[in-house]
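Undergrad: What would the 3D arrangement of this be:
(one chain, ligands or ions: 1)
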Amino acid sequence: MTHQGHDSETAPPRLALDAIGMRFGAENAVSDLDLAVTEGEVVCLLGPSGCGKSTTLRIAAGVERQTKGRVLIDGVVASDASLHRPPEQRSVGLLFQDFALFPHLTVAENIGFGLRQTPKSQRRGIVEDYLAKVGLDGFGAKYPHQISGGEQQRVALARALAPRPRVMLMDEPFSGLDNRLRDDVRDETLAILHAEGTAVLLVTHEPDEAMRMADRIALMRDGRIVQVGVPYTLYNAPVDRAAAAFFSDLNILHSVVKDRTTETPFGRFAAPELPDQTAVEVIARPQHVAIVEDTGTMPSVGASDGNPARGRVVRARFIGAQSLIEVEMDHDRSMIRASVPNAWVPGAGTPVWLSLPRDRCLVFPCLHQDAHARPWAAQ
Ligand code: ATP
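TA: Residues are numbered from 1 along each chain as shown. So this is what the prediction gives:
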């Protein structure tokens, strides 16, 4: 079965969460959350443990009823203050970490389970079709305990997809799989979901998984969405330091604003929105730090690279796709971490020049105002 036609451009989103709030006793688990997922789109809810991701997904599914706001599927209210449709009446597919196949049913019977509304004569063909889609041709007569964990996960995916839900809701669906298997199953799953044009809302606490799967990422904190955008934007233009820190380790330099810029040993950085004397943090991801060995002359760097500053390697490690190099800076003994995409592993004590490309660094107002005490200090 192939995906038949696409929603017109004016169609409402497949899933819309409208001003959702959820209270458990005195605690707001979700507050004022708006999010829409369109046909064929994969949106990842990303955030630390306890930020409200699963609760949001459960509300979308109808397993949980929100205390405020509305859930709409294809523009039709599935839940609001006066109405609440259960999951089986929402055309949603659910795939959770503990995807629990029925142990006493065969693979084919498991997939057919969601097709009870479909005439019996058609069920068999649909089951065969989805078995083939997930690469399990010929597995229909086996029982769950006779197949591997990755295969079981694919059966669960086929079971969720077979009724052709308008929206697929997935909560950490790959976390039970080991690393190698996880990459394969994840890529295959994504390909199938794209081919079906299903709208997908996926919960994960792993930034790598979100970057890999999402068309858009909704970053959550304390029950709220703090930023929504394509992975590139979340990585390169995070709204604040905590959002930046979610995606990688950070180097942080403390400074203050003067004349819409801020001065550091690595040169001046633009701080156009901030008034004079605002304490700021200049943030550089280790993979954006440029590093060269000091062979006696200061390296020439482009105008956008700021000033090089000198330091000495404290430790360097090769970790496969890159090397991590920790450098103690000459100017204040602070540490800067660089990540380079090659196998350069300089010995401890090697003198180096570091520079921070201005267009890759971010300047945010300081979270802790004691930064004035130690300008330039990297944490
Ligand atoms: P994790 O990644 O650890 O699963 P999460 O981001 O999915 O976390 P939720 O499970 O949505 O977070 O929980 C959000 C908050 O709501 C937490 O503080 C949690 O303790 C609370 N919570 C969730 N479900 C309930 C419940 N049924 N009763 C009371 N509090 C709950």
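Undergrad: okay, CA-based contacts and neighbour counts for the rest of this
TA: Fine.
Undergrad: Report the helix or strand with the lowest average pLDDT across the chain.
TA: When each helix and strand of the chain is scored by mean pLDDT, DSSP states H and E, helix 179-196 comes last, with a mean of 84.
Undergrad: same for that one, what does it pack against?
TA: When contacts are defined as 3 or more Cα pairs under 8 Å, 6 or more residues apart in numbering; DSSP states H and E, helix 179-196 packs onto helix 149-161.
Undergrad: hang on, the earlier thing: please spell out which residues along the least confident helix or strand of the chain are buried.
TA: 182, 185, 186, 188, 189, 190, 192, 193, 194, 196 (16 or more other Cα atoms under 10 Å).
Undergrad: The residue of the chain positioned farthest from its centre and residue 128, how far apart?
TA: The outermost residue of the chain, judged against the average C-alpha position, is residue 296 (43.1 Å), by Cα atoms, centre = their mean. Going from residue 296 to residue 128 by Cα to Cα, to the nearest Å gives 69 Å.
Undergrad: can you check residue 333 too?
TA: 65 Å.
Undergrad: Tell me which of the two has more neighbours.
TA: The neighbour comparison of residue 333 against residue 128 (other Cα atoms under 10 Å) goes to residue 128, with 18 against 13.
Undergrad: The residue of the stretch 151-300 of the chain found nearest the ligand: neighbouring residues, count only.
TA: As assessed by Cα to the nearest ligand atom, the ligand sits closest to residue 205 within the stretch 151-300 of the chain, at 5.8 Å. Using other Cα under 10 Å, residue 205 has 21 neighbouring residues.
Undergrad: picking up where we left off before, what about the least confident helix or strand of the chain, distance to the chain center?
TA: How far helix 179-196 lies from its chain's middle: 16 Å, per Cα atoms, centre = their mean, to the nearest Å.
Undergrad: Next, the angle from that helix to helix 149-161.
TA: Relative orientation of helix 179-196 and helix 149-161, computed by axes from the mean of the first three to the mean of the last three Cα atoms, to 10 degrees: 20 degrees.
Undergrad: What spatial separation is found between residue 45 and the ligand?
TA: Separation of residue 45 from the ligand (Cα to the nearest ligand atom, to the nearest Å) stands at 9 Å.
Undergrad: burial measure for that residue, as a count.
TA: By other Cα under 10 Å, 27 other residues sit near residue 45.
Undergrad: In TSV, list the buried residues of helix 179-196 along with distance to residue 307.
TA: Below are the buried residues of helix 179-196 laid out as TSV (distance: Cα to Cα, whole Å):
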residue	distance to residue 307
182	43
185	45
186	43
188	46
189	46
190	44
192	49
193	47
194	46
196	51
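Undergrad: These: which ones sit near the ligand?
TA: For the ligand, no contacts are drawn from the buried residues of helix 179-196 by Cα under 6 Å from any ligand atom.
Undergrad: Residue 340 is in contact with residue 287, correct?
TA: Yes: using Cα atoms under 8 Å, residue 287 makes contact with residue 340 at a distance of 6.2 Å.
Undergrad: Before I go, just wanted to say thanks for your time.
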